[in-house]
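>>> how does the following fold in three dimensions:
(one chain, ligands or ions: 1)
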Amino acid sequence: MTQTAPQKTILRALAGETLPVPPAWMMRQAGRYLPEYKATRAQAGDFLSLCYNPELAAEVTLQPLRRFDFDAAILFADILLICQALGAKLWFAEGEGPRLSTITDRSGVAALRPAGDVHETLSPIYETIKILTRELPAPTTLIGFAGAPWTVATYMTAGRGTPDQGPAHAFIASDREGFAMLIDRLTEATIEYLSAQIKAGAEVIKIFDSWAGSLKGQDFDDFALKPTAAIISALKARHPQTPIIAFPREAGDRYIGFAKATGADCVALDNSVSASWAAENVQKDGCVQGNLAPRHMVEGGPELITETKRIVKAFSGGPHIFNLGHGITPDANPDNVLRMLEAIRG
Ligand SMILES: Cc1c2[nH]c(c1CCC(=O)O)Cc1[nH]c(c(CCC(=O)O)c1C)Cc1[nH]c(c(CCC(=O)O)c1C)Cc1[nH]c(c(C)c1CCC(=O)O)C2
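Reported below is the predicted structural model:
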């Protein structure tokens, strides 16, 4: 007798099913708010050594699942590894964040390695995924990811994180076509990278466009929407069964129609939009993910419960995956994660 196992909750939501209780996971669920993460990171030496060590990267991916009954695990890696794979220098200044060699004109773009070469650097990431496909609990969905070309380009052009993505905007203003060459190279490389993640065992893909909100009008179309659509259409051609979540953070009104325009199966929402607005304007096109403010994981209190329940209720009429509106911060209290899950499911 053959009996097919009931499909995993996240895959059901991504297929458009409205579930009585939304599946849940958290951005940055493996991270510095967990003492066991800090211990493993210390064992690895530094953050990048942790990302490129398949055994330890798999270990930190699994750590939050030992504490919390999340429906998904997200591969432990970083969106900036692809810059290194394309030949840029990357390091993390302790306590300050990422630093990179900078690209400010088209000669810098021309010096990058071909997109097809990225596997040479990124193969340990595929190894992490292979370990996780063996070690994850059966009901848990494994999410692979990459940065969207725009967000990755903002770091490559500035050499670091910036509040306003000024150097990327300056590149666009001085040589729009040259900047488009950088976006194209990143688009091709990201397709290769994500396709290899799926082949290794990633069941869902998420595309992080953390700085999409700083693009307006035609720039949003050209540098956020179109590259994401190109990545999704190439992945769908190669891996039609793999659902894709797009996260154009702080896109505001541009969340409307984003799923349709890009082919994404789900749009992840940051906490600057209200759940009731998003239910009406975004969820009408399909699954949404989000969008509790990460500060509740620090502050806790009765507001954590009321806000969690308000979001669950607002999205209860359609497919929804519960998540934070952005990553959990290092000062968060793990007890609040448990209280959030109870509020979602209780
Ligand atoms: C912009 C961005 C980056 N990385 C990422 C984004 C997009 C999402 C977002 O907007 O937050 C994505 C990312 N980074 C990390 C993951 C792993 C999976 C997860 O648990 O979500 C994912 C999905 C690990 C990480 N990436 C980083 C850490 C902290 C590193 C440490 O241990 O010190 C982790 C756990 C470092 C990182 N990596 C990056 C920055 C700016 C920083 C420094 C800021 C910070 O320290 O939080 C680039």
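>>> mind listing what's buried in the helix or strand encompassing Lys313?
Under the criterion of DSSP states H and E, Lys313 resides in helix 301-314. Neighbour counts using 16 or more other CB atoms under 10 Å place 304-305, 307-308, 310-312, 314 of helix 301-314 among the buried residues. (C-beta placed from N, C-alpha, C; glycine too.)
>>> state the pLDDT value of the residue in the stretch 151-300 of the chain positioned nearest to the ligand.
Residue of the stretch 151-300 of the chain nearest the ligand, by CB to the nearest ligand atom: Ser210 (3.2 Å). Predicted confidence (pLDDT) for Ser210: 98.
>>> wouldn't it be in contact with Val152 here?
No. Applying CB atoms under 8 Å, one finds Ser210 not in contact with Val152, separated by 9.6 Å.
>>> mutual contacts of these two, please.
Taking CB atoms under 8 Å, 6 or more residues apart in numbering as the criterion, Ser210 and Val152 both touch Ile79.
>>> more neighbours: these two, which one.
Just comparing Ser210 and Val152: by other CB atoms under 10 Å the higher neighbour count belongs to Val152, 29 against 22.
>>> follow-up on the earlier one: would you turn the buried residues of helix 301-314 into a markdown table with pLDDT and distance to the ligand?
Output for the buried residues of helix 301-314, formatted as a markdown table (pLDDT from 0 to 100; distance: CB to the nearest ligand atom, whole Å):
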| residue | pLDDT | distance to the ligand |
| --- | --- | --- |
| Leu304 | 98 | 20 |
| Ile305 | 98 | 24 |
| Glu307 | 98 | 20 |
| Thr308 | 98 | 19 |
| Arg310 | 98 | 24 |
| Ile311 | 98 | 19 |
| Val312 | 98 | 21 |
| Ala314 | 98 | 23 |
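>>> quick one, strands of the stretch 101-250 of the chain?
With strands called from DSSP state E, counting those that start in this stretch, the stretch 101-250 of the chain shows them at 141-147, 204-209, 244-248.
>>> how far away from the center of its chain is stretch 170-188?
Chain-centre distance of stretch 170-188: 22 Å, with CA atoms, centre = their mean, to the nearest Å.
>>> following the chain onward from the helix holding Lys313, which element is next?
Per DSSP H and E, the first helix or strand lying C-terminal to helix 301-314 is strand 320-324.
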